[in-house]
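Student: how does the following fold in three dimensions:
(one chain, ligands or ions: 1)
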Amino acid sequence: MSKLPKQKSWAEPYKIKMVEPIKMTTRPYREKAAKEAGYNTFLLKSEDVYIDLLTDSGTNAMSDYQWAGMMLGDEAYAGSKNFYYLWDNVKKYYGMPYFVPTHQGRAAEHMISKILVKPDSIIPGNMYFTTTREHIELAGGKFVDVIIDEAHDPQNTHPFKGNINVNKLEALIKKEGAKNFSYVFMAGPVNMAGGQPFSLKNLKEVSSLLKKYGIPLWLDATRATENAYFIKIREKGYEKKSIEQILVEICSYFDGLWVSAKKDLMVNIGGILATRNKKVYEEARNMVVVYEGLHTYGGLAGRDMEAMARGLEEMVHFDNIKARIGQVEYCGKQLEKYNIPIVYPFGGHAIFVDAKKFLPHLSQDLFPAQTLASEIYIDSGVRGMERGVVSAGRDHATGKHRYPKLELVRLTFPRRVYTQAHIDVTVESIAQVYDDRKKIKGLKMVYEPKHLRFFQARFKKL
Ligand code: F0G
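Tutor: Numbering: from 1, shown residues only. Just a heads-up that it's a prediction; the model follows:
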């Protein structure tokens with residue numbers, strides 16, 4: 001008599017109700033498409049992409065519960081009931097009393113920077129994010145990276161590479177003087193470090209240090225439920241707590257937060273600015289009228305706010321996040337089988353391929369990650385994104401490229417969109433490009449926009 005094995009595999013806690021066909025193309029077709037797009041995956045037409053791992057931002061599949069909510073949009077100009085429902089859920093899941101909706105994350109970053117950044121002040125954070133730093137700098141502030149050194153090493157397996165180096169932060173405060181700091185921010189998991197979380201232990205240390213100096217602490221809560229998941233499975237004492245409890249505990253240490261709802265909340269558009277500081281709230285509520293729309297819709301339709309409110313309820317389900325991060329892990333483990341150099345530990349939202357190691361014959365001036373992303377697209381129609389020297393941009397003072405230690409291609413997983421078979425195809429394509437890597441030459445930048453150049457820069461093959 002054979003004994004049935006105990007269930008070891010897991011599967012997604014949902015099934016597919018609607019499908020969207022995707023186009024399969026030939027290599028010559030993709031070579032032409034890549035050339036026309038200036039070898040920038042942001043400039044490809046989405047219909048020419050087979051498996052789209054460009055981003056997890058706004059590319060998620062909403063649930064039937066969210067779609068049903070879309071029919072309940074109260075599209076009144078002022079005081080929509082969807083806004084009040086969303087506000088209730090912002091209080092419940094982020095624990096913040098005050099809230100302003102925005103059309104997406106960077107709109108909230110824009111307003112927070114305008115409100116909080118004093119001219120020439122310092123804003124330290126756990127690594128930069130492209131739009132976050134841009135808004136800080138546009139508001140006249142200076143970003144300083146105070147993440148732990150381990151975060152800059154793709155091979156280091158520290159479980160909380162998103163942590164802040166508290167000694168570095170305190171030394172900076174002592175050197176510059178507390179009054180020259182507008183605020184400190186933490187993002188979790190840290191996107192540019194490879195989707196790496198911070199620990200609650202570290203957060204508590206940062207929070208008490210800043211209390212001592214009277215400096216506010218703000219959170220980029222864009223993927224905070226993923227950070228909560230990592231705390232639950234990696235940090236002692238949190239094993240039995242729910243994602244919801246951990247999320248509220250995280251937020252309790254912050255003066256306020258911003259969210260790109262296009263990630264955790266599993267919607268296609270939306271943003272949140274929430275705070276416990278009434279003065280900041282009042283300024284934001286007034287400012288939103290200038291930039292976004294009335295404070296009860298902030299650039300969104302009533303139906304969008306309903307989908308966000310329902311997304312907040314779904315995002316804290318443990319099985320949902322486990323399946324999401326499980327898919328990312330699955331991709332990482334398959335790539336390991338082909339010895340593809342990747343960032344460790346596997347991130348929350350993406351696997352990051354180490355382009356410096358993948359293409360060691362290319363210097364950073366030849367844009368290895370940009371090159372690799374375009375080669376993967378040409379091979380199979382799989383679209384990833386550059387996170388290296390192009391994303392890092394130029395130093396505003398010197399005008400020179402910033403050369404980040406991490407030169408990565410990000411394979412980002414939209415929530416509830418692709419199957420394991422899509423991942424297998426992706427991995428096989430990257431393995432194929434790896435086999436042919438010696439033939440790959442770099443790129444030359446032929447067009448460079450002033451702001452956030454990675455979105456629109458164009459390149460030519462060498
Ligand atoms: N903060 C983080 C950590 C982000 O990842 C993003 C967007 C934003 C803020 C800005 O939010 O796009 O809604 O305006 N990240 C996307 C990405 C674009 O692909 O990583 P947004």
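
Student: gap between residue 173 and residue 122?
Tutor: Look at residue 173 and residue 122: by C-beta to C-beta, to the nearest Å, they are 9 Å apart. (Each C-beta comes from the backbone N, C-alpha and C, glycine too.)

Student: touching both of the two, which residues are there?
Tutor: residue 181 (C-beta atoms under 8 Å, 6 or more residues apart in numbering).

Student: how about the residues of this structure near the ligand?
Tutor: By C-beta under 6 Å from any ligand atom, the residues of the chain that approach the ligand are 55, 57, 104-106, 129, 131-132, 187, 191, 220, 222, 260, 262, 271.

Student: from those, list just the buried residues.
Tutor: Applying 16 or more other C-beta atoms under 10 Å to the residues of the chain next to the ligand, the neighbour count classes 55, 57, 104-106, 129, 131-132, 187, 191, 220, 222, 260, 262, 271 as buried.

Student: list the residues that contact the residue lying closest to residue 192 once chain neighbours are set aside.
Tutor: Nearest non-adjacent residue to residue 192, counting by C-beta to C-beta, 6 or more residues apart in numbering: residue 127, 5.2 Å away. With contact taken as C-beta under 8 Å, 6+ apart, residue 127 is in contact with 145, 147, 151, 162, 187, 190, 192, 193.

Student: name the nearest residue to the first one, sequence neighbours excluded.
Tutor: Right, the one you point to is residue 145. In space, residue 145 is closest to residue 127, 5.6 Å off (C-beta to C-beta, 6+ apart).

Student: can you pull the pLDDT of that neighbour?
Tutor: Per-residue confidence at residue 127 stands at 96 (pLDDT).

Student: domain ranges for the protein, per the record?
Tutor: 27-56+318-461, 64-315 (automatic domain parsing).

Student: roughly how far is the first one from the heart of the chain?
Tutor: Taking the mean C-alpha point of domain 27-56+318-461 and that of its whole chain, the gap between them comes to 15 Å (C-alpha atoms, centre = their mean, to the nearest Å).

Student: got it, and the last one?
Tutor: In terms of C-alpha atoms, centre = their mean, the centre of domain 64-315 is set 11 Å apart from its chain centre.

Student: residue 396 belongs to a strand?
Tutor: No - counting by DSSP: H, G, I helix; E, B strand; the rest coil, residue 396 is not part of a strand but coil.

Student: separation between it and the ligand?
Tutor: 20 Å (C-beta to the nearest ligand atom, to the nearest Å).

Student: what sits against that residue?
Tutor: residue 137.

Student: please apply the same query to the one 4 residues further on.
Tutor: With contacts defined as C-beta under 8 Å, 6+ apart, residue 400 is in contact with residue 394.

Student: quick one, phi psi at it?
Tutor: Per-residue torsions, residue 400: phi -90, psi 160 (degrees, to the nearest 10).

Student: how about residue 102?
Tutor: The phi/psi pair for residue 102 (degrees, to the nearest 10) is phi -140, psi 160.

Student: just the pLDDT at the residue nearest to it when sequence neighbours are not counted, thanks.
Tutor: For residue 102, ignoring the flanking residues on the chain, the nearest one in space by C-beta to C-beta, 6+ apart is residue 271 at 3.7 Å. In this model, residue 271 is scored at 98, pLDDT.

Student: can you report phi and psi for residue 271?
Tutor: phi -150, psi 160.

Student: that one pairs with what?
Tutor: residue 102, residue 260 (DSSP bridges).

Student: hang on, it packs against residue 103?
Tutor: Yes - in this structure, residue 271 is within contact of residue 103 by C-beta atoms under 8 Å, at 6.1 Å.

Student: give me the common contacts of those two.
Tutor: In contact with both residue 271 and residue 103: residue 298, using C-beta under 8 Å, 6+ apart.

Student: so which strand or helix has residue 100?
Tutor: strand 98-102 (DSSP states H and E).

Student: so residue 334 versus the ligand, what's the distance?
Tutor: 22 Å.

Student: next one: residue 29
Tutor: 26 Å.

Student: ok, that residue - contacts?
Tutor: Neighbour list for residue 29: residue 48 [criterion: C-beta under 8 Å, 6+ apart].

Student: now with 10 Å, please.
Tutor: 23, 48, 378, 381 (C-beta atoms under 10 Å, 6 or more residues apart in numbering).

Student: check residue 253 too.
Tutor: Residue 253 sits next to 186, 200, 203, 204, 206, 207, 208, 210, 211, 217, 219 when contact means C-beta under 10 Å, 6+ apart.

Student: out of the residues you listed, which are buried?
Tutor: 186, 200, 203, 206, 207, 210, 217, 219.

Student: what residues of stretch 177-196 count as buried?
Tutor: For stretch 177-196, by 16+ other C-beta under 10 Å, it's 181-196.

Student: one more: stretch 439-459?
Tutor: Result for stretch 439-459 [16+ other C-beta under 10 Å]: buried residues 440, 442, 443, 445, 453, 454, 457, 458, 459.

Student: what's the closest non-adjacent residue to the residue in the stretch 1-150 of the chain that the ligand sits nearest to?
Tutor: Across the stretch 1-150 of the chain, the shortest distance to the ligand (C-beta to the nearest ligand atom) belongs to residue 105, at 2.5 Å. Spatial nearest neighbour of residue 105, chain neighbours left out: residue 260 (2.7 Å); criterion: C-beta to C-beta, 6+ apart.

Student: OK, contacts around the residue of the stretch 351-462 of the chain found nearest the ligand?
Tutor: The minimum distance from the stretch 351-462 of the chain to the ligand, using C-beta to the nearest ligand atom, falls at residue 412 (6.3 Å). Contacts for residue 412 (C-beta under 10 Å, 6+ apart) come out as 52-57, 59, 191, 195, 263, 328, 347, 349-352, 383-385, 387.

Student: SS state for residue 410?
Tutor: Strictly by three-state DSSP, residue 410 counts as strand.

Student: ok, now which ones touch it?
Tutor: 53-56, 191-192, 194-195, 343, 347, 349-353, 369, 373, 384-388, 391.
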